[in-house]
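> predicted model and sequence follow; I will ask about them next.
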Amino acid sequence: MNIAVVDDEEAIREQIGGFIKKWNPDFDISGFTTGEGLLAAGKDFDIIFLDIQMEGIGGIEAARTLRQSGVDAVVIFITGIREYVFEAFDVSAFHYLLKPIEEQKFMEVLGRAEEEARKRKGQKERQIFIRAKNQGYTLNLNSILYIESRGKKVEIHTTDMEDVIESYATMDELEGQLGDGFYRCHRGYLVNMAHIARYDSNSIFLSSGEKVYLTRKKHNEFVKAYMWYLQNGGVSCV
């Protein structure tokens, strides 16, 4: 398990590092004093403990940049100010810890974060084969942002391809194949709930900055499905 600890206070980094090693001495820990350092590291972290208030790039901005680049790490914010909690949820934060950090609370959150990180790794390993014209693509489910219906074809938008993938598969077929973790928010859209940053009454905003439509008659059902998804480690119970 690769873990990043980002805080401009050395004492906090050492405290968190000590807690993590106490939990599991085999975890690999990387410490950073700035958001810039984290973004420049180019390392695939499973869990990121991220201070919100730092000089330069703050924690919220750093997390937003990571989400927009397709990084699906479990992000846990650390701060002394409660009011940031709503901004934290905008970038799909897993949890929010207040300073001073209590060891028992930290260990509880770390245990849940480890479980969530392992589930996300399992999700990344799940794949689907898509046939497109004279080509075929094997896609990790986690790389799919959303799927859009376009007449007799569908367009598959992903985190790792600039161009969309066009296929003659139907939305009903793909919905059945993709299963839990994807939601049919509109007749013409199928969205990966792992990439949802926020939503309002008629739209869902993704970590990539893109927006898909949410039909009003499905709003309540969607909220229920998404809340189940967040509370059950990525498994929808709707």
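Yes, it's here.
> which helix or strand in this structure has the lowest average pLDDT?
Least confident helix or strand, the chain: helix 85-90 with a mean of 60, by mean pLDDT, DSSP states H and E.
> low-confidence stretches in this structure?
The chain contains residues with pLDDT under 70 at 83-90, 122-125, 232-238.
> let's check: the centremost residue of it is which one?
Nearest to the geometric centre of the chain sits residue 72, at 4.2 Å (Cα atoms, centre = their mean).
> measure that one to residue 148 for me?
21 Å (Cβ to Cβ, to the nearest Å). For the C-beta atoms, the positions are set from N, CA and C on the backbone; glycine is no exception.
> for the residue in the chain sticking out farthest from the centre, give its distance to residue 166.
Relative to the mean C-alpha coordinate of the chain, counting by Cα atoms, centre = their mean, the farthest residue is residue 134 (32.5 Å). The spacing between residue 134 and residue 166, counted by Cβ to Cβ, is 12 Å.
> ok, now residue 142?
Distance, residue 142 to residue 166, by Cβ to Cβ: 21 Å.
> and the contacts of the top helix by length along the chain?
For the chain, the longest helix by residue count, based on DSSP state H, is helix 103-125. Outside of helix 103-125, the residues within contact range by Cβ atoms under 8 Å, 6 or more residues apart in numbering are 1, 16, 19-20, 22-24, 46-47, 72-74, 76, 94-95, 97, 140-142, 181, 194, 233-234.
> hey, C-alpha coordinates of that helix in PDB?
Extracted in PDB, the C-alpha atoms of helix 103-125 (Å, rounded to 0.1, in the frame of the first residue of the first chain):
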ATOM      1  CA  GLU A 103      -4.900   8.300  17.400                       C
ATOM      2  CA  GLN A 104      -8.000   6.100  17.800                       C
ATOM      3  CA  LYS A 105     -10.000   8.100  15.300                       C
ATOM      4  CA  PHE A 106      -7.000   8.100  12.900                       C
ATOM      5  CA  MET A 107      -6.700   4.300  13.100                       C
ATOM      6  CA  GLU A 108     -10.400   3.900  12.500                       C
ATOM      7  CA  VAL A 109     -10.300   6.000   9.300                       C
ATOM      8  CA  LEU A 110      -7.100   4.400   8.100                       C
ATOM      9  CA  GLY A 111      -8.600   0.900   8.400                       C
ATOM     10  CA  ARG A 112     -11.600   2.000   6.400                       C
ATOM     11  CA  ALA A 113      -9.400   3.800   3.800                       C
ATOM     12  CA  GLU A 114      -7.300   0.700   3.400                       C
ATOM     13  CA  GLU A 115     -10.400  -1.400   2.700                       C
ATOM     14  CA  GLU A 116     -11.700   1.200   0.200                       C
ATOM     15  CA  ALA A 117      -8.300   1.400  -1.600                       C
ATOM     16  CA  ARG A 118      -8.200  -2.400  -2.000                       C
ATOM     17  CA  LYS A 119     -11.800  -2.400  -3.400                       C
ATOM     18  CA  ARG A 120     -10.800   0.300  -5.900                       C
ATOM     19  CA  LYS A 121      -7.800  -1.700  -7.000                       C
ATOM     20  CA  GLY A 122     -10.100  -4.600  -7.600                       C
ATOM     21  CA  GLN A 123     -12.400  -2.300  -9.600                       C
ATOM     22  CA  LYS A 124      -9.400  -1.300 -11.800                       C
ATOM     23  CA  GLU A 125      -8.700  -4.900 -12.600                       C
END
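> ok now do residue 189, which residues does it touch?
Neighbouring residues of residue 189 by Cβ under 8 Å, 6+ apart: 146-149, 212-213.
> farthest-apart pair in the residues you listed, please.
Between any two of the contacts of residue 189, the greatest separation by Cβ to Cβ is 12.9 Å, found for 147 and 213.
> just the buried residues out of the contacts of residue 189, in PyMOL syntax.
The buried subset of those, as determined by 16 or more other Cβ atoms under 10 Å, is captured in PyMOL by this line:
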select buried, resi 146+147+148+149+212
